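Engineer: Need a 3D model of the following:
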Amino acid sequence: MIKLKSSHILLRALIPEDLDFLELVENDEHFWYLSDTVQPFSRSILKEYLQNAYKDIYEVKQMRLVIALHNKQPIGFIDLYEFDPKNKRAGLGILILKDYQAKGFGTEALELMLDYTFDILDLHQIFVSIIENNKNSLRLFKSFGFKEIGLKKDWRFNSGKFQSEYLLQKIMHVH
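Structural biologist: Numbering: from 1, shown residues only. This is a model prediction of the structure:
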């Protein structure tokens, strides 16, 4: 049985009440390099995004879930993107606010999402892109069996310099 909650967190759909949290994260310049954002989003654009967030992953080819504590406090997002049902793959990204990092929440969120992607969406593989100096993220994904399959040299320009980005992949072997 698939569950989207663990002992400390739950993964849930976006709701209108997430507008302030979405604005906080999407307009934080420290995160812009992750999504190639170059300018802030207006509240009206983010409100429109929330109004369309219910759309099915098969229609929009992506899905964003809120990582929340059981008291409903949102602490991050976990996203599927480039969802390709024909080839049974998707990209995955996790963003957890700094105050909640290194507390096991990313591990729990990733475990829940991998169960969901492999058991419910019936994907064969998940891929992630991680900046070379993000050692915590690299360690997290490798602990779940993700393998480095490449390094994209000077891939992202951030804070006045180029950064390389690792591409990792996890293939689910069906027995």
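Engineer: any idea of the pLDDT on residue 17?
Structural biologist: Looking at residue 17, its pLDDT reads 89.
Engineer: Name the next helix or strand following the helix-or-strand element of the chain with minimal mean pLDDT along the chain.
Structural biologist: Least confident helix or strand, the chain: helix 32-35 with a mean of 62, by mean pLDDT, DSSP states H and E. Note on helix 32-35: by DSSP states H and E, the next helix or strand toward the C-terminus is helix 43-52.
Engineer: pLDDT of that following helix, averaged?
Structural biologist: 78.
Engineer: Could you list every helix and strand that the following helix or strand past that helix packs against?
Structural biologist: Following helix 43-52 in sequence order, the next helix or strand is helix 57-60 (DSSP H and E). Contact here means 3 or more CB pairs under 8 Å, 6 or more residues apart in numbering; DSSP states H and E; on that basis helix 57-60 packs against strand 74-84. C-beta: built from backbone N, CA, C; applies to glycine.
Engineer: in the strand it packs on, what's buried?
Structural biologist: 74-81, 83 (16 or more other CB atoms under 10 Å).
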